[in-house]
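J.: Predicted model and sequence follow; I will ask about them next.
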Amino acid sequence: MKKYQTVEGRETIFGGASYTSPQPCSFYHFKLGTRVTRPSDASAFTLIELLTVIAIMGVLAALILPVAGAVKKHQYLYNAQAEMEKVATAIDRYKAAYGFYPPSPPIPPTAGTPSTLVNQLYYELTGTTNIGTPASPNYQSLDGSPPTLTAAQVQSAFGVGGFMNCSKAASGEDASTARDFLPDLKPKQVWPLYTNYSVGVNLLICSVGGPDPNYQPMGPGTQDLNPWRYNSSSPTNNPGSYDLWIQLSIGGKTNLICNWTKQVQINSPLP
């Protein structure tokens with residue numbers, strides 16, 4: 001005998017099992033001896049629950065942001081160190097080929113000559129060719145990129161009389177062919193046509209840049225222009241060899257990356 005009842009406190013019998021309805025307005029559907037209630041609508045967040053979620057998100061952000069900043073700093077330093085190793089390898093290959101290191105501007109600079117910030121390292125490591133004459137040279141990069149530079153312009157921009165890694169046409173042993181010691185150089189590692197003493201020249205730079213926007217070693221308006229500093233004329237840290245270094249400003253602190261120590265120097269004065 002099957003009975004159905006929805007009145008509070010009354011018994012409903014189905015298949016020999018009995019159930020008691022707890023509330024007068026509940027809806028019950030019985031199937032095979034099982035009582036199923038209609039789910040109520042989901043309630044909205046309370047103010048306390050919402051504030052709790054916001055607080056948890058704030059704690060997570062406080063934990064994640066410092067870690068993300070440390071990872072970004074490590075990436076900056078790693079990229080700069082990797083690029084320095086490639087430049088140093090190119091300099092050593094240059095030395096093996098020519099018997100001397102690429103020349104650098106006089107240190108300290110004399111009147112009309114630049115400091116270590118502006119040097120001819122790009123031209124010496126990538127190679128040039130003389131499209132003029134031996135008496136009146138016009139130097140151009142092996143890849144043909146502008147500008148062409150006269151001997152007077154090279155002297156004005158870099159404080160040297162010309163480029164050693166240069167192709168020149170001649171007969172017999174006097175002929176020479178320039179070599180590219182940085183064949184994998186990326187566009188972000190070259191700053192084209194930087195004007196120095198009214199002469200536009202190309203500079204070998206670190207792709208990392210500042211990276212702090214307010215760190216602009218070449219002056220206002222030169223963000224991301226951070227050239228490799230090079231001294232082979234009178235190196236103070238590697239006598240008889242060369243000093244190569246770059247400075248990054250990260251979070252307001254300077255980080256000196258150089259070829260005389262593998263440790264990054266924090267807030268260290270420049271050579």
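T.: Cool, the structure landed. Numbering: from 1, shown residues only.
J.: drop to CA atoms for contacts and neighbour counts, all remaining ones
T.: Fine.
J.: so where's the stretch 151-271 of the chain uncertain?
T.: For the stretch 151-271 of the chain, applying pLDDT under 70 flags the ranges 170-174.
J.: Show me the helices in it, by range?
T.: Listed in chain order, the helices of the stretch 151-271 of the chain (DSSP state H, counting those that start in this stretch) span residues 151-158.
J.: mind checking the SS state of residue 59?
T.: Using DSSP: H, G, I helix; E, B strand; the rest coil, the secondary structure recorded for residue 59 is helix.
J.: And it, how close does it get to residue 205?
T.: Computed as CA to CA, to the nearest Å, the residue 59 to residue 205 distance reads 40 Å.
J.: More neighbours: which of the two?
T.: The neighbour count for residue 59 versus residue 205, taken as other CA atoms under 10 Å, is higher for residue 205 (23 against 11).
J.: Can you name the residues bridging to that one?
T.: residue 227 (DSSP bridges).
J.: Hmm, residue 218 and it touching each other?
T.: No. Here residue 205 lies out of contact with residue 218, judged by CA atoms under 8 Å, at a distance of 11.5 Å.
J.: shared neighbours, the two?
T.: Contact criterion CA atoms under 8 Å, 6 or more residues apart in numbering; residues bridging residue 205 and residue 218 by contacting each: 225, 226.
J.: where do the strands sit along the protein?
T.: Applying DSSP state E to the chain gives strands spanning 11-14, 17-20, 28-31, 34-37, 128-130, 138-141, 149-150, 166-167, 190-196, 199-204, 229-231, 243-250, 253-258, 265-266.
J.: In a markdown table: those strands, plus distance to residue 183 and mean neighbour count.
T.: Compiled in a markdown table, those are given as follows (distance: least, CA to CA, whole Å; neighbours: other CA atoms under 10 Å):
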| stretch | distance to residue 183 | mean neighbour count |
| --- | --- | --- |
| strand 11-14 | 87 | 16 |
| strand 17-20 | 86 | 13 |
| strand 28-31 | 79 | 12 |
| strand 34-37 | 75 | 11 |
| strand 128-130 | 13 | 25 |
| strand 138-141 | 13 | 23 |
| strand 149-150 | 22 | 20 |
| strand 166-167 | 16 | 20 |
| strand 190-196 | 13 | 15 |
| strand 199-204 | 13 | 21 |
| strand 229-231 | 20 | 24 |
| strand 243-250 | 19 | 22 |
| strand 253-258 | 22 | 19 |
| strand 265-266 | 30 | 14 |
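J.: Switch those strands over to JSON lines; also include distance to residue 93.
T.: Below are the strands of the chain laid out as JSON lines (distance: least, CA to CA, whole Å):
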{"stretch": "strand 11-14", "distance to residue 93": "94"}
{"stretch": "strand 17-20", "distance to residue 93": "92"}
{"stretch": "strand 28-31", "distance to residue 93": "87"}
{"stretch": "strand 34-37", "distance to residue 93": "82"}
{"stretch": "strand 128-130", "distance to residue 93": "16"}
{"stretch": "strand 138-141", "distance to residue 93": "19"}
{"stretch": "strand 149-150", "distance to residue 93": "25"}
{"stretch": "strand 166-167", "distance to residue 93": "15"}
{"stretch": "strand 190-196", "distance to residue 93": "20"}
{"stretch": "strand 199-204", "distance to residue 93": "17"}
{"stretch": "strand 229-231", "distance to residue 93": "16"}
{"stretch": "strand 243-250", "distance to residue 93": "15"}
{"stretch": "strand 253-258", "distance to residue 93": "18"}
{"stretch": "strand 265-266", "distance to residue 93": "27"}
